[in-house]
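> Pasting a predicted model and its sequence here:
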Amino acid sequence: MDYLKIANSGWMWFAVAIPMVVLAAQVVLLLRKSLKDGKRMGIKNEQIKSSVTASATAALGPSVSILVGLISLMVMMGAPIAWYRLSYIGAVMYEMTAADVGAQAMGIPFEQSSMTAEAFANGVWAMILGSIGWIIVSGLFTHKIDSLRVKISGGNPKTLSIITAAATLGVYVSLTFNRMWPITSTNKSIFAVIGGALTMFLLTVWNKKRQKKWVSTWGSTIAMIVGVAFAMIF
Amino acid sequence: MNENNASRQDVQEIYDKEYIPYSVKWGRLTSLVGVVASFAPVVVLLVVFKVMPPIDAIITAATIRISACFVYYFIEPISFQPVLGIPGTYMAFLSGNISNLRVPCSSVAQNAAGVKEGTPEGAVISTIGVAVSVVVNLAILTIGVLLGAQILKLIPQSLINALVFLVPALYGAMLIQMVLYSPKMAIVTVPLGVIALLISKITKIYDSSVAILISVFGAIILGRLLQNTRWFSDEEA
């Protein structure tokens, strides 16, 4: 039997629906609690609306990029597995490599013409076994990691706020400069970073006194678009 | 932020006594159930289609993957957790695409609502931001698989090329926003992060994800040390 018939079968859709239901349950449970307790903490509807709009627009572009990856994964591994892996635990680069390694371990080249059902299955095994480590670690230790940060702050909310700001800076410095390497004129990501940063800088400074709501909601989207324009122009 | 409904202590109380215990209980449970559920496709392959690769092939492939990813299992939750907050971390890791989608969406949401990372309100808004990104991502991918490979014809190649630059542009924007929030902290943490990354890139002693960990933990320690000095005036605290 052609492995793609199995890979695209109704049974596979059924199989991938099971973990997706678990993810949906988690999102519903945590989101409902956040909305409820957020209100009690004094978060206003306006703030929630503004964060939903901003996050939804920010998610659009990267999701279309992920979709492009999904199409290439779909050609090799069938629609259900591609859809499942890129909405659940996985990431584009990771999944392609895992599927490739799975086939190679069977001594089969990772090409549609030579793939067998077993090589396909081994790719799926490799995707799953390689990725559950993230969920086990985050599932078991997230609250411990958080209490470590609280411990370093000595339980002082002011210190906690400072070290969290420091940690956030640490995350973005590293993510940003990682994209700016290598420093060459052909690395267009550098211009994207500069365009995004410059736009956000101007908007934030301009808005400091004015406190316009559209800037907080749409600022990051505008910055992204200008950043992309910079990368395309320079 | 405006606190007409709740005092600072009330907020902390709701966070410590209700929000976090609930999130840890259900977040952890659903994540661990999610680990078991992720095996559903291979179970169906075995039971319905009687397809099972030889056990040594499974072990070979899994060993290659696990040894390649092992350090990231720890580095990524530790590095991204301060931004994501506790419930946001469970959700981001169960849904994947963390650094290119979940973390930026969490920050964007927190900025839009005007709340700070690491506060109770920050954790709530981060969770909302990550949840929205899960819905949007799932919607787009679902449209994608339904339309199949022909969707690539609908998206012009130039747009696909341009999309690559969205994430770096967003990183730059988020970085500058954080710098403007805490400029004094940035004076020490930005050079630290850049140096950690340059050492990784030039000497290749460690991977760039280790550089994130050094950058984050170094920043936390520097922040803690500087707090004992007079470096921070009240406006930043």
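Received the coordinates, thanks.
> CA only for contacts and neighbour counts going forward, please
OK.
> what's the distance between stretch A:159-176 and the middle of its chain?
Distance of stretch A:159-176 from its chain centroid, counting by Cα atoms, centre = their mean, to the nearest Å, is 19 Å.
> Return the residues in contact with the residue in chain B positioned nearest to chain A.
Going by Cα to the nearest Cα, chain A is nearest to B:Gly96 of chain B, at 3.7 Å. Counting by Cα atoms under 8 Å, 6 or more residues apart in numbering or on different chains, B:Gly96 makes contact with A:86-91, B:102.
> hmm, 10 Å instead?
B:Gly96 makes contact with A:85-92, A:131, A:134-135, B:102, B:134, according to Cα atoms under 10 Å, 6 or more residues apart in numbering or on different chains.
> Excluding residues flanking it in the chain, which one is nearest it?
Sequence neighbours aside, A:Ile89 is the residue nearest to B:Gly96 in space, at 3.7 Å (criterion: Cα to Cα, 6 or more residues apart in numbering or on different chains).
> Could you rank the contacts of B:Gly96 by neighbour count and give me the top one?
Tallying neighbours with other Cα atoms under 10 Å in any protein chain shown puts B:Arg102 at the head of the contacts of B:Gly96, with 32 neighbours.
> wait, does the helix or strand A:Gly133 falls within make contact with chain B?
Per DSSP states H and E: A:Gly133 is located in helix A:117-152. Yes - judged by Cα under 10 Å from any Cα of the partner chain, helix A:117-152 and chain B are in contact via A:117-146, A:149-150, A:152.
> so what's A:Thr221 up against?
Counting by Cα under 10 Å, 6+ apart, A:Thr221 touches A:54-55, A:57-61, A:196, A:200, A:215, A:227, B:108, B:166, B:169-170, B:173.
> mind running it again at 7 Å?
Going by Cα atoms under 7 Å, 6 or more residues apart in numbering or on different chains, A:Thr221 touches A:57-58.
> Just the element for it, please.
In this structure, A:Thr221 is located in helix A:213-233 according to DSSP H and E.
> Run a quick neighbour tally on A:Ile145.
By other Cα under 10 Å, neighbour count at A:Ile145 equals 18.
> What's the mean pLDDT across stretch B:80-89?
Averaging pLDDT along stretch B:80-89 gives 96.
> Tell me if it is near chain A.
Yes - using Cα under 7 Å from any Cα of the partner chain, we find that stretch B:80-89 touches chain A at B:82-83, B:86-87.
> so is the residue in chain A positioned nearest to chain B in a helix, a strand, or just coil?
Nearest residue of chain A to chain B, counting by Cα to the nearest Cα: A:Ile89, 3.7 Å away. Three-state call for A:Ile89 (DSSP: H, G, I helix; E, B strand; the rest coil): coil.
> sorry, back to before: show me which of the residues of helix A:117-152 next to chain B are buried.
With burial judged by 16 or more other Cα atoms under 10 Å in any protein chain shown, the buried subset of the residues of helix A:117-152 next to chain B is A:117-143, A:145-146, A:149-150.
> helix or strand right after the helix ranked longest in chain B?
Criterion DSSP state H: the longest helix present in chain B is helix B:55-95. Following helix B:55-95 in sequence order, the next helix or strand is helix B:103-113 (DSSP H and E).
> Point to the residue nearest the middle of chain B.
Nearest to the geometric centre of chain B sits B:Val103, at 3.8 Å (Cα atoms, centre = their mean).
> Let me see the contact set for that one.
Counting by Cα under 7 Å, 6+ apart, B:Val103 touches B:Leu84.
> try B:Val44
A:Ala15.
> Can you tell me how far it is from B:Ile58?
Per Cα to Cα, to the nearest Å, B:Val44 is found 16 Å from B:Ile58.
> could you pull out the helices for the chain?
Picking chain A for this. A:3-7, A:10-40, A:45-77, A:79-85, A:92-105, A:117-152, A:157-179, A:189-210, A:213-233.
> The chain in question should be chain B.
B:8-14, B:20-37, B:40-47, B:55-95, B:103-113, B:120-147, B:151-154, B:157-163, B:166-181, B:183-203, B:208-227.
> Mean pLDDT lowest where, among those helices?
Note on the helices of chain B: helix B:151-154 shows the lowest mean pLDDT, a mean of 76.
> Show me which parts of that helix are buried, residue by residue.
So helix B:151-154, judged by 16+ other Cα under 10 Å, has buried residues B:151-152.
> How about residue 64: what's its closest non-neighbour residue?
Just so you know, I chose chain A. That would be B:Ile140: by Cα to Cα, 6+ apart, it lies 7.0 Å from A:Val64.
> Sorry, I should have been clearer: chain B.
What sits nearest to B:Ile64 in space, not counting adjacent residues and going by Cα to Cα, 6+ apart, is A:Val101, at 7.6 Å.
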